[in-house]
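[1] Quick one, what's the 3D model for this:
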Amino acid sequence: MLLIQQDCMAIRQIPVLWFGSTNPNNAIEYGVGGNSGGGPTTGPSTLGVATVATNPDGSRSMTITSTIPTESPGVTKEVSLLMNFDAEGNLLSRFETTTYKKKDGGTVSISTITIGNYSDVYYTETDADGSLVRDGAIRGILLIGLRGWGSGLETTGITNGKTLTVVEGEKKDSYDDMIILANLYGDIAAFHNVNFESTNYMGKYSDTKAALTGKYGDIADGFYTFQYGYHGDYAAFWVENNNAVPSMILNPNRNDFFLTGVHIHKGGDGWSFSQGCITIHQNDWGRFMSYFKENQETYSYAKNKETGKLEKVYYKGNNKIGKRNDQMAGNLIISTI
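    Sure, this is the predicted structure:
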């Protein structure tokens, strides 16, 4: 323990154990070990540092920071939590930020701010130079897709007993992209086995499906909506409700730089299952879907007629999982930072 006196403020630093929850519906939980005790006892723990500052009036603030490893090479995750208390120990405000950073790349931060009865969740993206790319409030579900931030899990090129051929000059499909999911409740989840590009394979992968040509479009970076829908016989999502989206490369099926029918769905071990879609490895698909509920809640702001102040108004949609009803599931950002 370190106790120092600075500007009439007593500051002490103590080591803490920071527990990363394994509960997908409450992505980050915190526990403080040592003298403070308590906290959840499941999930990996990381040694962090808590700094406690006491003001002359007896009010206190506590800051906890911890760096947690990720599945993606060169990508780190830092979580910081600042809590302010009055002299009686009542919580006044809480500021929690989770930041993902790629070595020699940009950062993505998700911040939850709680002051009294007010709370909001914000996201921020910066590039490798630290310049702001975009930011905003999260009022439903937001997916932040990051090219080149994934684990790099490589496919085998073999599916249904059939061996596929890689397009000349290309490499096997791999899950080398990443998605960060955040919602209005402050839940945060990272998916490291994601693919934004169409397959590089050619050949037959099924006796009942057309052969792969290895020539499809790739969805461009940008800001999109995605809706509840289905892919084949299971629940999935439709980017821009199956309407046209820009492609980074010429789509030979259209002879133009756009795609239609782009879905977010699960990918396989043998190949990415992508002919222009966004795929998440099948081992992560169940965890991803656990964040989407029927009658998904969101909110907007409205002015209170009595006080004249803006207040949150929550409302529920009427979406059904796995059915088309044109209900928006959330927003999607795809970035190269």
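[2] May I have the strands that pair with the helix or strand containing residue 94, each with its orientation?
    In this assignment (DSSP states H and E), residue 94 forms part of strand 91-102. Paired neighbours of strand 91-102 in the sheet (DSSP bridges): strand 75-85 (antiparallel), strand 107-115 (antiparallel).
[3] Throw those into TSV and include mean pLDDT, distance to residue 257 and mean neighbour count, thanks.
    Yep, even glycine has a C-beta here, placed from its N, CA and C like the rest. TSV is the format used below for those (pLDDT from 0 to 100; distance: least, C-beta to C-beta, whole Å; neighbours: other C-beta atoms under 10 Å):
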stretch	mean pLDDT	distance to residue 257	mean neighbour count
strand 75-85	93	30	18
strand 107-115	95	27	19
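[4] Mind putting the ones you listed into a markdown table with distance to residue 265?
    Output for these, formatted as a markdown table (distance: least, C-beta to C-beta, whole Å):
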| stretch | distance to residue 265 |
| --- | --- |
| strand 75-85 | 24 |
| strand 107-115 | 23 |
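[5] Nearest to residue 202, out of those?
    The closest of the strands paired with strand 91-102 to residue 202 is strand 75-85. By C-beta to C-beta, the value is 31.4 Å.
[6] low-scoring pLDDT stretches of the stretch 151-300 of the chain, where are they?
    Residue ranges of the stretch 151-300 of the chain with pLDDT under 70: 294-300.
[7] That one: helices as residue ranges?
    Using DSSP state H, counting those that start in this stretch, the helices of the stretch 151-300 of the chain run over residues 282-289.
[8] partner residues bridging the residue nearest to residue 236 when sequence neighbours are not counted?
    Distances taken as C-beta to C-beta, 6 or more residues apart in numbering put residue 265 closest to residue 236, at 4.1 Å, once the chain neighbours are dropped. In this entry, residue 265 is beta-bridged to residue 279, by DSSP bridges.
[9] how many neighbours does residue 265 have?
    Residue 265 has 22 neighbours, counted by other C-beta atoms under 10 Å.
[10] May I ask you to confirm that it is in contact with residue 272?
    No - between residue 265 and residue 272 there is no contact under C-beta atoms under 8 Å: 10.5 Å.
[11] shared neighbours, those two?
    Residues touching both residue 265 and residue 272 comprise residue 279, with contact defined as C-beta atoms under 8 Å, 6 or more residues apart in numbering.
[12] Now find how far off-centre the strand or helix carrying residue 66 is within its chain.
    Assigned by DSSP H and E, residue 66 belongs to strand 60-69. Distance of strand 60-69 from the chain centroid (C-alpha atoms, centre = their mean, to the nearest Å) equals 20 Å.
[13] Equivalent analysis for stretch 151-159, please.
    Averaging C-alpha positions (C-alpha atoms, centre = their mean) puts stretch 151-159 22 Å from its chain's average.
[14] Find the residue ranges of the stretch 1-150 of the chain scoring beneath the pLDDT cut-off.
    1-48.
[15] List the residues that contact residue 83.
    Counting by C-beta under 8 Å, 6+ apart, residue 83 makes contact with 61-63, 91, 93-95.
[16] 10 Å instead?
    With contact taken as C-beta atoms under 10 Å, 6 or more residues apart in numbering, residue 83 is in contact with 50, 52, 60-64, 91-96, 114.
[17] can you redo those as CSV with distance to residue 276?
    Supplementary listing: these in CSV, determined by distance: C-beta to C-beta, whole Å:
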residue, distance to residue 276
50, 48
52, 52
60, 54
61, 50
62, 48
63, 45
64, 43
91, 48
92, 50
93, 45
94, 42
95, 40
96, 37
114, 41
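[18] Now that you've got those, can you turn the buried subset into something I can paste into PyMOL?
    To isolate the buried members of these in PyMOL, using 16 or more other C-beta atoms under 10 Å:
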select buried, resi 50+52+60+61+62+63+64+95+96+114
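[19] out of the contacts of residue 83, who's nearest residue 107?
    Ranked by distance to residue 107 (C-beta to C-beta), those are led by residue 96 at 16.0 Å.
[20] The closest one and residue 115, how far apart?
    Distance of residue 96 to residue 115, given as C-beta to C-beta, to the nearest Å: 12 Å.
[21] if we can go back for a sec, quick one: list the elements packing against the strand holding residue 66.
    In terms of contacts (3 or more C-beta pairs under 10 Å, 6 or more residues apart in numbering; DSSP states H and E), strand 60-69 is packed against strand 9-19, strand 45-54, strand 75-85, strand 91-102.
[22] can you do 8 Å?
    Judged by 3 or more C-beta pairs under 8 Å, 6 or more residues apart in numbering; DSSP states H and E, strand 60-69 is in contact with strand 9-19, strand 45-54, strand 75-85.
[23] Leaving out the residues flanking it, which one is nearest to residue 185?
    Counting by C-beta to C-beta, 6+ apart, residue 185 lies nearest to residue 121, which is 7.7 Å off, once chain neighbours are set aside.
[24] try residue 72
    Of all residues not flanking residue 72 in the chain, residue 192 sits nearest, at 4.8 Å (C-beta to C-beta, 6+ apart).
[25] For residue 328, which residues are in contact?
    Contact partners of residue 328, counting by C-beta under 8 Å, 6+ apart, are 140, 225-227, 317.
[26] Among those, which one has the most neighbours?
    residue 226 leads the contacts of residue 328 on contacts (other C-beta under 10 Å) with 22 neighbours.
[27] wait, doesn't that residue sit right on residue 242?
    No - applying C-beta under 8 Å, one finds residue 226 not in contact with residue 242, separated by 10.2 Å.
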